[in-house]
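Take a look and give me a structure for this.
(one chain, ligands or ions: 1)
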Amino acid sequence: MSLLSVKNTLSRDKYSTGRNKMIIMEERMTNIIIVVDATNGFCKEGAIVDKGIMQNVPNMVNLIKRKRLLGYKMIVVADNHKPDDLEFQRFPKHCIIGTEETKVIDELKEFVDYYVPKTRYSGFYKTNLAKILEKEKPKEVIVIGAWTDICVMFTIADLCNRDYNVVVPRDCIKARDMTKTEMCLDIIENTLGAKLVETQEEL
Ligand SMILES: [Zn+2]
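The predicted structure follows:
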């Protein structure tokens, strides 16, 4: 096949399928809820557990149920560490691959569309989260989970770096160090440009 005929074939394909492709892309556009570390190790039991986040789980469930009716999909990004992970120089050992600690809490597990294992604070670092979002093409990404001052904030930062519209219900997140809550919310809203809301506004 000559170069010219290859070109002609490509342009014919483009012409005949371009419109359909556009329609498919529009239909596929959806919205996303990212739930950060809503796992047993963070919420129920383990070396770094903070059961305070459980107070916000009813808000999370209400929000997720409502948004799923509107077509939102849910991605859980969750710590899955090797036993010798260097993160354990900063934190006690937690969420080792294959353990109960890495499993989504019972209250949320029925809603999981994607489970993304991670090893660092941002849900993007060495994961397939970026690819999932490229496929789903969300107009909006809601971020909830634990903790405001660590994984939630660094995941939001990487979403904002990628120009996603990020919404954060402040009563569906919690800081590990509560003295940092206001500072982190200020960074999330005014530095990163995410929209802070109350869950009730989203129902
Ligand atoms: Zn970790």
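
where do the strands sit along the chain?
32-36, 73-79, 114-118, 141-146, 166-169, 173-174, 195-197 (DSSP state E).

Just put these in a markdown table and tack on distance to the ion, mean pLDDT and mean neighbour count.
Quick note: C-beta positions are derived from backbone N, CA and C, even for glycine. What follows is these, written out as a markdown table (distance: least, C-beta to the ion, whole Å; pLDDT from 0 to 100; neighbours: other C-beta atoms under 10 Å):
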| stretch | distance to the ion | mean pLDDT | mean neighbour count |
| --- | --- | --- | --- |
| strand 32-36 | 11 | 98 | 27 |
| strand 73-79 | 4 | 98 | 24 |
| strand 114-118 | 8 | 98 | 18 |
| strand 141-146 | 11 | 98 | 26 |
| strand 166-169 | 21 | 98 | 22 |
| strand 173-174 | 16 | 98 | 25 |
| strand 195-197 | 25 | 98 | 15 |
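
can you list the ones you listed in CSV and add distance to E100?
Shown next, in CSV, are the strands of the chain (distance: least, C-beta to C-beta, whole Å):
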stretch, distance to E100
strand 32-36, 18
strand 73-79, 12
strand 114-118, 14
strand 141-146, 17
strand 166-169, 27
strand 173-174, 21
strand 195-197, 33
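
Tell me which of those strands lies nearest to F91.
strand 73-79 (9.5 Å; C-beta to C-beta).

and the closest one with strand 114-118, angle?
20 degrees (axes from the mean of the first three to the mean of the last three C-alpha atoms, to 10 degrees).

Now do strand 73-79: which elements does it pack against?
Packing partners of strand 73-79 (3 or more C-beta pairs under 8 Å, 6 or more residues apart in numbering; DSSP states H and E): strand 32-36, strand 114-118, helix 129-136, helix 151-161.

How far away from the center of its chain is the last one?
A distance of 9 Å separates the C-alpha centroid of helix 151-161 from that of its chain, computed with C-alpha atoms, centre = their mean, to the nearest Å.
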